[in-house]
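Asks: coords please:
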Amino acid sequence: MKLTRLPVQACALALCAIAAGGALASSHREAPSIAGSPKLDGTDFYMFRSYDPARTAYTTLIADYQPDQSPYGGPNYFNMDPNGLYEIHIDNVGDGKEHITFQFRFQNTLRDIALPINGVKTSIPLVQAGGITGPNQPTSNLRETYTVNVVRGPRRGSLGDPVKKLDGTTVFDKPTDNIGEKTFGVAPGYANYAAQHVYDVTIPGCDAPGKVFVGQRKDPFVVALGPIFDLINLAPLGSVNVPNSDSLAGKNITSLEMEVPTSCLTTAGSTVIGGWTTSSARQGRLVASPPKSGHGTTYLNGGAWTQVSRLGMPLVNELVIGLKDKDRFNNSQPSDDKQFLPYVTNPALPALIETLFPSAKAPTNFPRTDLIATFLTGIDGLNKPANVVPSEMLRLETKIAPTPMANQSNLGVAGGDLAGFPNGRRPGDDVVDIELRVAMGALCVLTTDTDKFKLGCKPSDAPAGSLPFTDGALQTPAAFPAVFPYLNTPLPGAVTQQQP
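Replies: I've put the predicted structure just below:
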C-alpha cells in the first residue's frame with residue numbers, strides 16, 4: 001500500500017487498526033494460561049454486514065476457537081469443551097458493556113459403538129464406524145450438539161432465551177471434523193455434509209429468521225506467524241506475496257457463527273455496534289482418579305463462571321499486553337480497559353522493530369495519542385458511538401452498506417472500501433500489513449502538519465510512517481465464499497489414495 005494523503009474515512013482504517021496495538025497476527029495461544037486450554041482459546045473475531053446479495057439486511061458474527069488444528073488430529077479431533085461457556089457480546093450503546101450476548105454451550109454424547117469380536121462386544125477406538133453423510137448417523141460414534149441462548153443486559157443476569165430451529169427445537173448438531181475423504185467422500189463430500197449443519201433459526205427479540213453454524217473451518221487468517229515471533233525473521237519492506245509465507249496454511253479452526261438481522265442488534269439511538277467474544281470455565285476443577293468409563297469424565301467442574309479468553313480487535317493481548325498482564329487481560333471487561341492504557345501510550349512493538357531494523361525509526365510522539373483515540377473510542381465520522389466510554393472492541397457502523405465480494409479491497413477503508421476493516425472486520429481484510437504500518441506511524445503521516453484528523457501527532461513524529469511494511473503473507477477477499485458461513489471447508493485429514 002502506498003501511503004498517500006487520504007480522506008478521513010481512509011485514515012480511520014489506520015486508526016482503528018492500531019486498536020490492536022500494532023499486532024501482527026490472529027490470536028493463537030497468546031497468554032500463558034490459555035495456552036494450556038486450547039478448547040477455550042479464541043483465535044479471531046469477525047463482524048461485518050453480510051455481503052451475500054440476498055442477505056444485506058443481516059450482520060454476520062464469527063468467533064473462531066481452538067488454534068493450530070492439524071487436519072490429521074485423530075482419533076479424538078477437536079470437539080468443544082462441554083464444561084466451557086462460549087459467548088459473543090454486543091455493545092449497542094457505547095458504554096463498554098454487553099447489552100446482547102449469544103451464549104453457546106456444548107454436549108458430547110457417546111454412542112459407544114461395539115463390534116462382536118469372538119463373541120465379545122468390544123468398543124471401537126474411533127469417533128466413526130463408517131462413512132458419514134448427514135447429522136447424527138448411526139456410524140457416528142460421538143455426537144456433538146450445542147444450544148444457543150440470547151441474554152439481554154448483563155450476561156450473568158439471567159439464563160436468557162433459547163435460539164430455536166424453525167421447527168421449534170433448540171438442540172443443534174455440530175458436524176464431525178473433517179477426518180478425511182474415505183469417511184465423507186471426495187470433494188465436495190465434506191462440504192455437502194457440513195452444509196446440512198447450517199440452520200435457519202428464530203432469535204428471541206428479532207422479527208426475522210437468522211442463521212447459525214458451528215463447525216470446523218480452514219483457518220481464515222493469513223500471516224507469517226513463525227518468522228514474526230523469531231524476532232521478525234523476514235523482510236518487512238519486501239514483497240507482499242512471498243511464496244509459502246502463510247504459517248497457518250495447513251491449519252483448521254472451529255467457528256461459532258451467527259447471521260443476525262442488523263435491526264435486532266442496533267438501538268434507536270445508534271447504528272454503531274461493538275462486538276467481542278469470550279470463553280469462560282468453572283472456577284473449580286478436580287481430576288477424577290480413576291475417571292468413570294465414558295467420554296470426558298476425567299474432570300469434575302463446579303463453581304461460578306470465570307472468563308479465561310477475550311478477543312475483539314486482533315492480537316491486542318498477543319503483542320501489546322506485557323507478559324505479566326496477559327492472563328489479566330483475558331479475564332477483563334472492555335469497560336475496565338483504562339488499566340492497560342500504558343501499553344498503548346508507550347507501545348513496545350515499534351521500539352522492537354527499530355532495534356531489529358535500525359533504518360525503521362519508531363514514532364516519537366508520547367503518549368501515543370494517535371493510538372489512544374482508536375484503541376478506546378472508535379473513529380469520528382466512521383464508527384465512533386456518541387458518548388462512548390473508552391473500551392477496546394471491534395466496532396461496526398451498520399448503516400454503511402456491504403461491499404459485494406468482487407469489489408472488496410483487502411485494505412478495507414484504506415483501499416476506499418468503507419465496509420471493511422476497521423469498520424468491522426471481514427475474512428478477506430488484510431489487517432496484518434495495515435496494523436504493522438500504523439504501528440510505525442502511518443497515521444501521523446496521514447494527518448499532515450495541520451493534524452486534520454485530530455490525532456495529536458504530525459509527520460515528523462513518524463520517520464518511518466510512509467514505509468510499506470509487510471509480513472509477506474497476502475490476504476485476499478477472493479479466497480473466501482460469498483455466502484454464509486463465509487469461511488472455507490476445513491482441510492481433510494486424509495485424501496483418497498489411488499489404488500495400484
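Asks: Quick check: chain neighbours aside, which residue is closest to G312?
Replies: Once flanking residues are discounted, G312 sits nearest to W276: 3.5 Å by Cβ to Cβ, 6 or more residues apart in numbering. All C-beta atoms are positioned from the backbone trio N, CA, C, and that covers glycine.
Asks: Let me see the residues that make contact with stretch 139-146.
Replies: 79-80, 104-113, 124, 126-132, 136, 171-174, 176, 214, 295 (Cβ atoms under 8 Å, 6 or more residues apart in numbering).
Asks: For ChimeraX, what selects the buried ones among those?
Replies: Restricted to buried positions by 16 or more other Cβ atoms under 10 Å, the ChimeraX selection for the contacts of stretch 139-146 reads:
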select :79,80,104,105,106,108,111,113,127,128,129,132,172,173,174,176,214,295
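Asks: coming back round to it: so the residue nearest to G312 sits against M393, correct?
Replies: Yes - using Cβ atoms under 8 Å, W276 is in contact with M393, at 4.6 Å.
Asks: anything in contact with each of these two?
Replies: G312, P334.
Asks: These two - which one has more neighbours?
Replies: Ranked by neighbour count (other Cβ atoms under 10 Å), W276 and M393 place M393 first, with 27 against 24.
Asks: quick one: contacts for P188?
Replies: Counting by Cβ under 8 Å, 6+ apart, P188 has contacts T489.
Asks: From F78, how far off is it?
Replies: Counting by Cβ to Cβ, to the nearest Å, the separation of P188 from F78 is 21 Å.
Asks: Nearest spatial neighbour of Y46, chain-adjacent residues omitted?
Replies: Nearest to Y46 is I62, by Cβ to Cβ, 6+ apart, at 4.1 Å.
Asks: pLDDT score for the one you found?
Replies: In the predicted model, I62 carries a pLDDT score of 98.
Asks: Please apply the same query to the one 10 residues further on.
Replies: Looking at Y72, its pLDDT reads 93.
Asks: Excluding sequence neighbours, find me the nearest residue to it.
Replies: Counting by Cβ to Cβ, 6+ apart, the residue nearest Y72 is G493, at 4.3 Å.
Asks: The one you found is in contact with Q69, isn't it?
Replies: No - with contact defined as Cβ under 8 Å, G493 does not reach Q69; the gap is 10.1 Å.
Asks: Point me to the helix or strand that includes F45.
Replies: In this assignment (DSSP states H and E), F45 forms part of strand 42-49.
Asks: I'd like the next helix or strand past that strand.
Replies: Going down the chain from strand 42-49, the next helix or strand is strand 58-69, by DSSP H and E.
Asks: Convert the C-alpha atoms of that following strand to PDB, please.
Replies: Output in PDB follows, covering the C-alpha atoms of strand 58-69 (Å, rounded to 0.1, in the frame of the first residue of the first chain):
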ATOM      1  CA  TYR A  58     -28.100  -9.000   8.200                       C
ATOM      2  CA  THR A  59     -24.800  -8.800  10.200                       C
ATOM      3  CA  THR A  60     -22.500 -11.800  10.400                       C
ATOM      4  CA  LEU A  61     -20.700 -12.600  13.700                       C
ATOM      5  CA  ILE A  62     -17.800 -15.200  13.600                       C
ATOM      6  CA  ALA A  63     -15.900 -16.300  16.700                       C
ATOM      7  CA  ASP A  64     -13.000 -18.700  15.900                       C
ATOM      8  CA  TYR A  65     -11.600 -21.100  18.600                       C
ATOM      9  CA  GLN A  66      -9.100 -23.900  19.100                       C
ATOM     10  CA  PRO A  67      -5.900 -22.700  17.200                       C
ATOM     11  CA  ASP A  68      -3.400 -24.800  15.300                       C
ATOM     12  CA  GLN A  69      -5.700 -27.700  14.400                       C
END
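Asks: Could you identify the helix or strand that succeeds that strand?
Replies: Next in sequence after strand 58-69, counting helices and strands by DSSP H and E, comes strand 84-91.
Asks: other SSEs contacting that following strand?
Replies: With contacts defined as 3 or more Cβ pairs under 8 Å, 6 or more residues apart in numbering; DSSP states H and E, strand 84-91 has these neighbours: strand 58-69, strand 100-110, strand 252-261, strand 272-287.
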